[in-house]
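Chemist: sequence and computational prediction follow.
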Amino acid sequence: MGQSGYRVLRIAGGGAGCHTGVMCRVLVVDDHPIVRKALVFYLRSRLKVECIEATNGYEALKSVAQDQPDLVILDYSMPVMNGVETARVLHSTKPEIPILMLTAHFTAAEAAGQDLGIRGVFSKDNVEPLLLQTRTVLKL
């Protein structure tokens, strides 16, 4: 883990990108409302993206089908369906949608996300690296 408290599994080279003149849509999935709302605030205010919220993986999968986000940010540990299970389903059904993961469990998330299309694993206590990678993935 780096000094700033995060690791990036893969730096996104490709990715969704957003069409000119269209606001990017990010699905934020976390069961903790304070974390979810704070992240949505930063994404909206700093990156000027549209945000959709879900509290677990099951809700996230429904939202992906309905709202077609350009990026999904998943919490690693959630009830009903955790981030790894959700990433597995998303990667097999919608491999074109990039995934970033939030966690306090780097080792477990890093190992679990190796083959699931997860573009980076980030700590919840430092939003800057996550915002930077979001900007990169969405080509903002």
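Modeler: Looks like it came in fine.
Chemist: at which residues are the helices of this structure located?
Modeler: For the chain, helices defined by DSSP state H occupy the ranges 33-47, 57-67, 83-93, 106-112, 127-138.
Chemist: okay, the ones you listed in TSV with distance to Arg25 next?
Modeler: Every C-beta, even on glycine, is put in place using the N, C-alpha and C of the backbone. As requested, the helices of the chain are exported to TSV (distance: least, Cβ to Cβ, whole Å):
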stretch	distance to Arg25
helix 33-47	10
helix 57-67	7
helix 83-93	15
helix 106-112	24
helix 127-138	9
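Chemist: between those helices, which gets the lowest average pLDDT?
Modeler: Of all the helices of the chain, the minimum mean pLDDT falls on helix 106-112 (a mean of 58).
Chemist: contacts only, for Asp78.
Modeler: Actually, residue 78 is Met. It isn't Asp. Residues in contact with Met78 (Cβ atoms under 8 Å, 6 or more residues apart in numbering) are 29-31, 55-57, 86.
Chemist: in CSV, list the helices of the chain along with mean neighbour count and distance to Gly120.
Modeler: CSV is the format used below for the helices of the chain (neighbours: other Cβ atoms under 10 Å; distance: least, Cβ to Cβ, whole Å):
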stretch, mean neighbour count, distance to Gly120
helix 33-47, 15, 14
helix 57-67, 18, 17
helix 83-93, 20, 12
helix 106-112, 16, 10
helix 127-138, 20, 5
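Chemist: understood, closing this out.
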